[in-house]
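>>> Sequence isn't available, so here's the structure alone:
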């Protein structure tokens, strides 16, 4: 018979088989182990260490979508920075605020409201915009000028009112400040002008016109993993902690604690420092009244840290500090007999109305505007 040709082994198939064996014997068990650890952390840690789990949960919640955040600001010599818009259509006027290019001379037969605050006031769809719509629907000819700017404290709003907002001759000034002043009031080496806390927006020589605040690669990777895996967050917690690299507005406009003090940052403000915050409110009030404007002071509602909807850096101490700030505003306004509105009983601790602890959804902004409108009517702050 004929001799059959000898066939050589298929090396490619052999290597594929070896590779599959390596994966099954080494990588697959590792994946299964990590999966079991992930499930264990999520199911067991809340029972054994609720406080630790809440810290991990805050980091997890705070990672959702963070890599998509991108805002544009430009430096300002007296208030640190102002807005110049963002990719989401958050257009601002030439001064950096969320209202049209109104003339500084108030039109005849038009009522004007100036809204002062931080990120809980800023934005094209925030409560000032909703308030303008609601009052217009009542038949009023009204312009609501939104001077809110993310991160601004009462200090920036005071300076901006002196140099800018007062020129618009508002009939009513609504002050919505409390939360952002917690930072300077508890920051080390306190100074009443907040220079221990605030610095002018830092820019490179190549970006003198404006700075784009987009996260660097390691921030994006950290945020992605933090939004996917509790195992990653737990390991981060054990070895390097849960503080994020701050390539954002806070990092660029606030002095780091490491440069001003050794040791952990004190979180509680004291009453002597808090007088500075009230002094700023008083300065705005006296100037506004000198122009014939009415005043309304509004507290900042928030969701407590015991609620699952959390953001990084928020805990029971922050709850306490914001509650103190709100109470300071109310007590001061009552003592001075100024119009005031406490939103916490109406809007506070209703997670469905919030995007995080203090920033509201559109429905929440509408409700806030509705309550402010009621207060305007109760105190008769606008002439019909």
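In hand now; what should we look at? Computed from a predicted model, the values in this text were never measured in an experiment. Numbering: from 1, shown residues only.
>>> what's the distance between the helix or strand hosting residue 113 and the middle of its chain?
When elements are defined using DSSP states H and E, residue 113 is found to belong to strand 111-117. Between the centre of strand 111-117 and the centre of its chain there are 21 Å (CA atoms, centre = their mean, to the nearest Å).
>>> tally of neighbours for residue 120?
24 (other CB atoms under 10 Å). In this view, the C-beta of every residue, glycine as well, is placed from N, C-alpha and C.
>>> pLDDT score assigned to it?
Turning to residue 120, the model gives it a pLDDT of 96.
>>> what's near enough to touch it?
126, 148, 176, 179, 300, 358-360 (CB atoms under 8 Å, 6 or more residues apart in numbering).
>>> Pick the one among those residues closest to residue 74.
residue 148 (16.8 Å; CB to CB).
>>> Checking the residue nearest to that closest one when sequence neighbours are not counted next. Helix, strand or coil?
Distances taken as CB to CB, 6 or more residues apart in numbering put residue 121 closest to residue 148, at 2.7 Å, once the chain neighbours are dropped. Residue 121 carries the three-state label coil when classified by DSSP: H, G, I helix; E, B strand; the rest coil.
>>> How many residues are close by residue 121?
Neighbour tally, residue 121, other CB under 10 Å: 27.
>>> Roughly how far does it sit from residue 178?
11 Å (CB to CB, to the nearest Å).
>>> Residue 250 too?
Taken as CB to CB, the span from residue 250 to residue 178 is 18 Å.
>>> Tell me which two in the contacts of residue 120 are the farthest apart.
Farthest pair in those, by CB to CB: 126 and 179, 14.4 Å.
>>> In contact with residue 153, which residues?
Shown in contact with residue 153 (CB under 8 Å, 6+ apart): 118, 177, 180-181, 183-184, 194, 197-198, 280.
>>> Adding secondary structure and distance to residue 161, write those residues out as CSV.
As requested, the contacts of residue 153 are arranged in CSV below (DSSP: H, G, I helix; E, B strand; the rest coil; distance: CB to CB, whole Å):
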residue, secondary structure, distance to residue 161
118, coil, 14
177, coil, 11
180, coil, 16
181, coil, 15
183, helix, 20
184, helix, 18
194, coil, 15
197, coil, 19
198, strand, 17
280, helix, 10
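>>> Looking at those residues, which is nearest residue 42?
residue 183 (32.3 Å).
>>> now the closest one, nearest residue through space, not along the chain?
Per CB to CB, 6+ apart, closest to residue 183 is residue 197, 6.0 Å.
>>> pretty sure the one you found contacts residue 250?
No - Residue 197 lies out of contact with residue 250 (CB atoms under 8 Å); the separation is 10.8 Å.
>>> what about the strands in the stretch 1-150 of the chain?
70-76, 80-86, 111-117, 142-146 (DSSP state E, counting those that start in this stretch).
>>> strands paired with the second one, and their directions?
So the one you mean is strand 80-86. Looking at strand 80-86 with DSSP bridges, its partner strands are strand 70-76 (antiparallel).
>>> what's the angle between the helix or strand containing residue 162 and strand 70-76?
Following DSSP H and E, one finds residue 162 within helix 154-163. Angle of helix 154-163 versus strand 70-76, following axes from the mean of the first three to the mean of the last three CA atoms, to 10 degrees, is 60 degrees.
>>> State the mean pLDDT of the helix or strand following helix 154-163.
Of the helices and strands lying after helix 154-163 in sequence (DSSP H and E), the nearest is strand 172-176. The predicted model gives strand 172-176 an average pLDDT of 98.
>>> What helices and strands are in contact with strand 172-176?
strand 111-117, helix 154-163, helix 271-290, strand 294-298 (3 or more CB pairs under 8 Å, 6 or more residues apart in numbering; DSSP states H and E).
>>> Comparing these by mean pLDDT, which bottoms out?
helix 271-290 (a mean of 94).
>>> so what's the residue nearest in space to the middle of the chain up against?
For the chain, the residue sitting closest to the mean C-alpha position, by CA atoms, centre = their mean, is residue 119 at 5.8 Å. Counting by CB under 8 Å, 6+ apart, residue 119 touches 148-151, 180, 359.
>>> top of those residues by neighbour count?
residue 149 (27 neighbours).
>>> Beyond the lowest-mean-pLDDT helix or strand in the chain, next helix or strand please.
Within the chain, confidence by mean pLDDT, DSSP states H and E is lowest for strand 211-214 among all helices and strands, at a mean of 48. Per DSSP H and E, the first helix or strand lying C-terminal to strand 211-214 is helix 217-226.
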